[in-house]
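1. With the sequence up front, the predicted model follows.
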Amino acid sequence: MEEIVESTPDLACYRNTGLERVKGLDIDIAWMASEYDLEIPEVGSAGLTYAKNLHQIVKNSIPAFMCHYYNYYFAHTAGGQMIGKQMSALLLDKKTLEFYKWDNLKGIKDKVKGDIETMAATWSREEKDECVEQTRDAFIGGGGMNAYLSGRQSPH
């Protein structure tokens, strides 16, 4: 997501919002590898496929991409926080991973939601439909990565 947002001029207002997770995720992966003597794996097929799809989607339709953006980031800030706390308590001796740390999350979410609403207000009915029609694919893409990470195959 971050790579696409950084390289797409029409998405400039979504850069450096505070929702970005790559830096924190990199720190967490390095910590886990060191702490538990793990080898850091290559990006899996689910992630590569979803990233390739997102690059194609953003070329064809910003509104369609924004459905994925919204679902990706706002899932991490809602259910993701709850999951992070549970995993921290169960597996990490209550260590809070960097991925789950935000500064002023409510303010960030309010600002980004406002920017999305401002953008969507300029879309035609057809563009709004393109966005809505991506909902299933956004959940399939995210679900495929979750299934891969958990060792299960995605049913999609």
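-> On my side now, so go ahead.

2. and W31, what is it in contact with?
-> L97 (Cβ atoms under 8 Å, 6 or more residues apart in numbering). C-beta here means a position set from N, CA and C on the backbone, and glycine is covered the same way.

3. so it is in which element?
-> Element membership of W31 [criterion: DSSP states H and E] is helix 22-35.

4. next one: D103
-> Taking DSSP H and E as the definition, one finds D103 inside no helix or strand.

5. so it sits right up against T17, yeah?
-> No - D103 lies out of contact with T17 (Cβ atoms under 8 Å); the separation is 11.2 Å.

6. all helices for this protein, in order.
-> All helices of the chain, identified by DSSP state H, fall at 2-7, 22-35, 45-60, 62-77, 79-91, 105-120, 125-133, 135-150.

7. Let's test this: what are the backbone torsions at N104?
-> Torsion angles at N104 (phi, psi; degrees, to the nearest 10) stand at phi 50, psi 60.

8. How many residues are close by it?
-> 10 (other Cβ atoms under 10 Å).

9. For it, give me its contacts.
-> When contacts are counted by Cβ under 8 Å, 6+ apart, N104 touches G18.

10. Quick one, grab the pLDDT at it.
-> N104 carries a pLDDT score of 91 in this model.

11. Against I29, how distant is it?
-> 25 Å (Cβ to Cβ, to the nearest Å).

12. Identify, out of the helices of the chain, the most deeply packed stretch.
-> Comparing the helices of the chain by mean neighbour count (mean count of other Cβ atoms under 10 Å), helix 62-77 comes out on top with a mean of 20.

13. and that helix, C-alpha only, in PDB?
-> Provided in PDB are the C-alpha atoms of helix 62-77 (Å, rounded to 0.1, in the frame of the first residue of the first chain):
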ATOM      1  CA  ILE A  62      -8.300   5.200  -8.000                       C
ATOM      2  CA  PRO A  63     -11.800   4.600  -6.500                       C
ATOM      3  CA  ALA A  64     -11.400   0.800  -6.800                       C
ATOM      4  CA  PHE A  65      -8.000   1.100  -5.100                       C
ATOM      5  CA  MET A  66      -9.400   3.300  -2.300                       C
ATOM      6  CA  CYS A  67     -11.600   0.400  -1.200                       C
ATOM      7  CA  HIS A  68      -8.500  -1.700  -0.600                       C
ATOM      8  CA  TYR A  69      -6.700   1.200   1.100                       C
ATOM      9  CA  TYR A  70      -9.600   1.800   3.400                       C
ATOM     10  CA  ASN A  71     -10.200  -1.800   4.300                       C
ATOM     11  CA  TYR A  72      -6.500  -2.500   4.800                       C
ATOM     12  CA  TYR A  73      -5.700   0.400   7.100                       C
ATOM     13  CA  PHE A  74      -8.900   0.600   9.000                       C
ATOM     14  CA  ALA A  75      -8.900  -3.100   9.700                       C
ATOM     15  CA  HIS A  76      -5.500  -2.700  11.300                       C
ATOM     16  CA  THR A  77      -6.700   0.100  13.500                       C
END
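
14. No further queries at this time; thank you.
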